[in-house]
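A.B. asks: coordinates only, no sequence provided:
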């Protein structure tokens, strides 16, 4: 690693101790730590989302910008002006599980590409990529929204995080969290090491994929320093995601909190198929060609015969009309006055 890279990484590590911008970005419409909230819709299955096209109906929402899709690059999250932070947020939650995201981070000073798990009680698990650092990925976690700024880890990545797609995997159980880069294990967090499980992420999570400007001039000074400096909006910055595999280790329709503890033991699982499961396994409507191919031969023969009969009738009517018109024309010619001869 070059001397400049060493100093850059050291500065980043120092800034991470002083500020936690990721935690500042999250909020909860209803926090079960102090309120009774509606159940969270479960994933209740496993699925690989390929972002060469719009995600299946009802699985993700797009916020704070536009996400474009292409066969070659996958989903493109672009910041082209101040105020944009395009993000895909899942409509489903998973309760312990695994995600594998194939991602190429965005360049740009102050630009942050991210993979975030977040819960209603503000448990959180992160991958973050700083636009000014092409060689490292950051991992982080928070429990119940507590701003503990010493949880971040920085990990070297073989090849550029901005020029190549890499597989960023997180595996989560009630006992431990593990992070992997391109199938190589890089970090483990034991539940007992997170303030004796109190701040260990342990409640149903939704998945967010997005990009934001930590270097926006309106951000707090500490966030701008952590992100690598002030963002210049003179050019666009794009993060790409080809696919995301999500596995819910629980099965059921929805998750609810039985008390205000924020403990995994308080989570109740409603039985049944989730909305996400139904959407992902919905049989697509058949095309006209497929419907035709499914018809019995006898039905097809009947349709052919009926079509032939209709064609014959139409031809007969056309011939009758033609003959009638000819006769009418002859009658008109016969009744017409003869021209005078001088």
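C.D. replies: Great, that's in hand. These numbers come from a predicted model, not from an experiment. Residues are numbered from 1 along each chain as shown.
A.B. asks: for stretch 168-178, buried residues please.
C.D. replies: Buried positions in stretch 168-178, judged by neighbour count with 16 or more other CB atoms under 10 Å: 168, 169, 170, 171, 172, 177. From N, CA and C alone the C-beta is placed, and that goes for glycine too.
A.B. asks: no wait, stretch 147-154
C.D. replies: Quick answer for stretch 147-154 (16+ other CB under 10 Å): 149, 151, 152, 153, 154.
A.B. asks: so which helix or strand takes in the last one?
C.D. replies: The one in question is residue 154. Here residue 154 sits within strand 153-156, counting by DSSP states H and E.
A.B. asks: sheet partners, orientation included, of that strand?
C.D. replies: If you go by DSSP bridges, strand 153-156 pairs up with strand 136-142 (antiparallel).
A.B. asks: what's the spacing between the strand holding residue 154 and its chain's center?
C.D. replies: On the basis of CA atoms, centre = their mean, to the nearest Å, strand 153-156 is displaced by 25 Å from the centre of the chain it belongs to.
A.B. asks: lowest-confidence helix or strand of the chain?
C.D. replies: helix 3-18 (a mean of 41; mean pLDDT, DSSP states H and E).
A.B. asks: tell me, how many neighbours does residue 218 end up with?
C.D. replies: Residue 218 has 9 neighbouring residues, counting by other CB atoms under 10 Å.
A.B. asks: where does the closest residue to residue 61 other than its chain neighbours land in three-state SS?
C.D. replies: Among residues not flanking residue 61 along the chain, residue 89 sits closest, at 5.1 Å (CB to CB, 6 or more residues apart in numbering). Residue 89 falls in the strand class when you classify it by DSSP: H, G, I helix; E, B strand; the rest coil.
A.B. asks: residue contacts, residue 89?
C.D. replies: 60, 61, 62, 63, 206, 207, 208, 210 (CB atoms under 8 Å, 6 or more residues apart in numbering).
A.B. asks: how close does the fifth one get to residue 27?
C.D. replies: For residue 206, the distance to residue 27 equals 13 Å [CB to CB, to the nearest Å].
A.B. asks: of those two, who's got more company?
C.D. replies: A count of neighbours by other CB under 10 Å puts residue 206 above the other of residue 206 and residue 27, at 20 against 9.
A.B. asks: can you pull the contacts of that one?
C.D. replies: Counted by CB under 8 Å, 6+ apart, residue 206 has contacts 40, 89, 90, 91, 92, 93, 94, 117, 118, 119.
A.B. asks: same thing with residue 132?
C.D. replies: Residues in contact with residue 132 (CB under 8 Å, 6+ apart) are 8, 108, 109, 110, 228, 229.
A.B. asks: how about those residues in JSON lines, adding secondary structure, distance to residue 298 and neighbour count?
C.D. replies: Listed next are the contacts of residue 132 as JSON lines, based on DSSP: H, G, I helix; E, B strand; the rest coil; distance: CB to CB, whole Å; neighbours: other CB atoms under 10 Å:
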{"residue": "8", "secondary structure": "helix", "distance to residue 298": "75", "neighbour count": "18"}
{"residue": "108", "secondary structure": "coil", "distance to residue 298": "65", "neighbour count": "27"}
{"residue": "109", "secondary structure": "coil", "distance to residue 298": "71", "neighbour count": "18"}
{"residue": "110", "secondary structure": "coil", "distance to residue 298": "69", "neighbour count": "26"}
{"residue": "228", "secondary structure": "coil", "distance to residue 298": "71", "neighbour count": "22"}
{"residue": "229", "secondary structure": "coil", "distance to residue 298": "74", "neighbour count": "16"}
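A.B. asks: tell me if I'm right that residue 45 and residue 248 touch.
C.D. replies: Yes - using CB atoms under 8 Å, residue 45 is in contact with residue 248, at 6.3 Å.
A.B. asks: okay, buried residues for stretch 68-85 please.
C.D. replies: In terms of neighbour count (16+ other CB under 10 Å), stretch 68-85 has its buried residues at 73, 74, 75, 76, 77, 78, 79, 84, 85.
A.B. asks: nope, stretch 271-286 is what I was after
C.D. replies: Result for stretch 271-286 [16+ other CB under 10 Å]: buried residues 274, 275, 276, 277, 279, 280.
A.B. asks: doesn't residue 211 make contact with residue 227?
C.D. replies: No - in this structure, residue 227 is not within contact of residue 211 by CB under 8 Å, at 11.8 Å.
A.B. asks: care to break this structure down by domain?
C.D. replies: Domain segmentation of the chain under automatic domain parsing yields 3-280, 290-333.
A.B. asks: look up how far residue 187 lies from residue 50.
C.D. replies: Residue 50 is 27 Å from residue 187, where distance means CB to CB.
A.B. asks: what bridges to the residue nearest in space to the middle of the chain?
C.D. replies: Closest to where the C-alpha atoms of the chain average out (CA atoms, centre = their mean) is residue 88, at 4.5 Å. Counting by DSSP bridges, residue 88 forms beta bridges with residue 62, residue 209.
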